[in-house]
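**Q** one predicted model, sequence on top.
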Amino acid sequence: MEAEVSSVEEKGSLVVDALAQNEGNSWAGSGANPWHLDSNTESILFLTDMSDKPAPIGFSITANGVHYYLIDLTLQPHETRMIDLRKVRDAQIPDFKGNKIPAGVTDGSIDWIRLANVPVSGRLMVINRQAGMTSSYDCTNCCCPGQFSSMSAQPDIFDAVLMSEFSEFGIASFADCDNNITYYNETNGSTWASSDPSVCSIAGPGTIDAVGPGSCTISASFESPGWTWDGGECFHGFPIQKIGYSNDTVQKPFFVKVVKASTSSTCSGASCLMQLWYQVLDTNQVPIRTAGLKIVETTSMTSASTCTGNFDDAGKWQTDTTGTMTTPDNWWWCCLEGANCYFYFKQTFTVNGYPVLIINGAYNGSYNLATIQCSNGKSPCPTVVPQP
């Protein structure tokens, strides 16, 4: 979820000589402003962190009843960030809820609020190319930072493949004084736990290893910072801890797919060598790690006439996320000159003892069957007919 944001210096020489702030001196930090886009009008939000600390920002765009959230927006100390609403709209990138800003929409509003006890200045500029700056909106009178209200682990339900790695996100929600809700990605700042480490183990913040079949509950616990204000004009806070849960299932790998990744063959006269690489994929055709997987290949070969051959089932599997063999399976054969012959090999796989589906181009089935046909034994001799 990457926002179209950039440094203010990239927008040319536009300078806004006005400090927009609220909540008293140096307490700047929230805004709720209308925007407009057409062929002559641009809407650009400028946010400035006026402190020596990072400033996480809760940010949402509303248009045609759709709420769109940025959950990874953080200003670095003294950074000015520019958010071009046209670019954000036109990018059509879904947020963590799957929402998109309606394509071509011309009007809406933005809400932003700081989520840390640091001053942030912000101003939305609605600029008409012919008339110059027609509107300028500064902050509202809403107290901030936003008040931590809930925590969730997303997605809240996940089906994983055995021995795969999957991701959860810790999403914290915050409310302003008008009860507008915004969200922020607190994955790295959360404490993660699994109800059953023999099914799901925690490999890192939001990173889960599916180590055994069964069900587990993943929890993300986040404690909001405490806020103390001199004078207490607006908001008193104290640390609050909330926990979000995801109920996950690890499936047995009966639907894992073994795919022929590539094939090479070389011939010298009547002697030929074919090399086969395979790859292990999940049901979404995504390569999975083979670390910890027990992959067993069973091979049989049949020949006729003067064809001879043998199959070296010595392929070695990688342990990284590509799931591909590092050393291929080798298949040698020899077809004598003038001979008219064929032979084939049949190869099956199991992963952790479960049969898997083999994909070979447009063919798929429970085994891989490759046939070699020779007409006269002269190079190039083989005609390969792969078929599950």
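**A** Structure received. From a predicted model like this one, the values you see are computed outputs, not experimental measurements.
**Q** confirm for me that Cys272 is in contact with Asn330.
**A** No - under the criterion of CB atoms under 8 Å, Cys272 makes no contact with Asn330, lying 11.0 Å away. The C-beta positions use only the backbone N, C-alpha and C, and glycine is treated the same way.
**Q** between those two, which one's more packed in?
**A** Higher neighbour count among Cys272 and Asn330: Cys272, with 21 against 15, using other CB atoms under 10 Å.
**Q** who is the more buried one paired with across the strands?
**A** In this entry, Cys272 is beta-bridged to Cys267, Trp333, by DSSP bridges.
**Q** that one and Gly315, how far apart?
**A** Cys272 is 18 Å from Gly315, where distance means CB to CB, to the nearest Å.
**Q** now do Val280
**A** From Val280 to Gly315 the distance is 12 Å (CB to CB).
**Q** same drill for the two, tell me which one is more crowded.
**A** The neighbour count for Val280 versus Gly315, taken as other CB under 10 Å, is higher for Val280 (28 against 18).
**Q** what helix or strand does the more buried one sit in?
**A** strand 271-281 (DSSP states H and E).
**Q** and the host helix or strand of Met82, average pLDDT?
**A** Using DSSP H and E, Met82 sits within strand 80-84. Computed over strand 80-84, the mean pLDDT rounds to 92.
**Q** from the contact counts, what lies against that strand?
**A** In terms of contacts (3 or more CB pairs under 8 Å, 6 or more residues apart in numbering; DSSP states H and E), strand 80-84 is packed against strand 5-7, strand 41-49.
**Q** tell me the strands beside that strand, with direction?
**A** Paired neighbours of strand 80-84 in the sheet (DSSP bridges): strand 5-7 (antiparallel), strand 41-49 (antiparallel).
**Q** list the buried ones in that strand?
**A** For strand 80-84, a neighbour-count test (16 or more other CB atoms under 10 Å) marks Thr80, Arg81, Met82, Ile83, Asp84 as buried.
**Q** same for whichever helix or strand comes after that strand, what does it pack against?
**A** Using DSSP H and E, the helix or strand that follows strand 80-84 in sequence is helix 85-91. Counting contacts by 3+ CB pairs under 8 Å, 6+ apart, helix 85-91 packs against strand 41-49, strand 55-63.
**Q** just name the most buried of the ones you listed.
**A** strand 55-63 (a mean of 24; mean count of other CB atoms under 10 Å).
**Q** what lies in contact with that one?
**A** Residues outside strand 55-63 that contact it (CB atoms under 8 Å, 6 or more residues apart in numbering): 3, 47, 49, 67-70, 73-75, 83, 85, 88-89, 101-102, 105, 107-116, 118, 120, 146, 174, 180, 182-184.
**Q** and the buried ones among those residues, selectable in ChimeraX?
**A** Selection of buried members from the contacts of strand 55-63 for ChimeraX, criterion 16+ other CB under 10 Å:
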select :3,47,49,67,68,69,70,73,75,83,85,88,89,101,108,110,111,112,113,114,115,116,118,120,146,174,180,182,183,184
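**Q** looking at the helices and strands packed on helix 85-91, spot the one closest to Arg129.
**A** strand 41-49 (7.4 Å; CB to CB).
**Q** where among the strands paired with strand 80-84 is average confidence lowest?
**A** strand 5-7 (a mean of 42).
**Q** partner residues bridging Ser150?
**A** Note on Ser150: beta-bridge partners Ser173, judged by DSSP bridges.
**Q** tally of neighbours for it?
**A** Neighbourhood size, Ser150 [other CB under 10 Å]: 15.
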